[in-house]
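**Q** Provided below are the primary sequence and the corresponding predicted coordinates.
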Amino acid sequence: MNTSIYSAQAPAPIGPYSQAIQAGNTLYVSGQIAIDPQTGALSTSGIEAETNLVMANLDAILKAAGYDFSDVVKCSIFLKNFNDFATVNAIYGTFFSSNPPARETVEVSRLPKDVNIEISCIAVKNQ
């Protein structure tokens, strides 16, 4: 049975999807963008702030399901401008100090609400 996961500490979905779905011991977290969950406002002050907010939103959803970044096995990073890769990579790396997950990072022409970054992840809880 699949279970929809919701955290008020992360932005509400902006379409017909769940923040995350838990299937067995695997959690599939939808792509997160830099929306402040308290105000609903986009963070537009730069790639550093956007990346930190995206990671905080992922963290809130992971925690709502009883997971944390150490359970993440795969991430997908979508960037509007690949010139931001080094900055994003440095911030992202602080959340995975050991045993980082598999990942791909791709440049895309456009993201929801014209943000600069979107990140999704898959986490597995070893029982």
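**A** Ah, there it is.
**Q** how many neighbouring residues does E118 have?
**A** For E118, the count of nearby residues is 21 (other C-beta atoms under 10 Å). Placement of C-beta: from N, CA and C, glycine included.
**Q** for it, give me its contacts.
**A** Counting by C-beta atoms under 8 Å, 6 or more residues apart in numbering, E118 touches G31, Q32, I33, V54, I77, F78, L111, P112.
**Q** where is the longest helix in this protein?
**A** Ranked by residue count and defined by DSSP state H, the top helix of the chain is helix 47-64.
**Q** can you give me the buried ones in that one?
**A** For helix 47-64, burial by neighbour count (16 or more other C-beta atoms under 10 Å) applies to 47, 50-62, 64.
**Q** nearest to T26 among the residues you listed?
**A** L62 (12.4 Å; C-beta to C-beta).
**Q** let me see the contact set for D36.
**A** By C-beta under 8 Å, 6+ apart, the neighbours of D36 are P11, L42, S43, L53.
**Q** go through those residues and flag which are in helices.
**A** Going by DSSP H, the helices hold L53 from these.
**Q** what's the lowest-pLDDT member of the contacts of D36?
**A** Here the lowest pLDDT out of these sits on S43, with 90.
**Q** the spatially closest residue to that one that is not a sequence neighbour and L42: what is the separation?
**A** Once flanking residues are discounted, S43 sits nearest to A34: 3.9 Å by C-beta to C-beta, 6 or more residues apart in numbering. According to C-beta to C-beta, to the nearest Å, A34 and L42 sit 6 Å apart.
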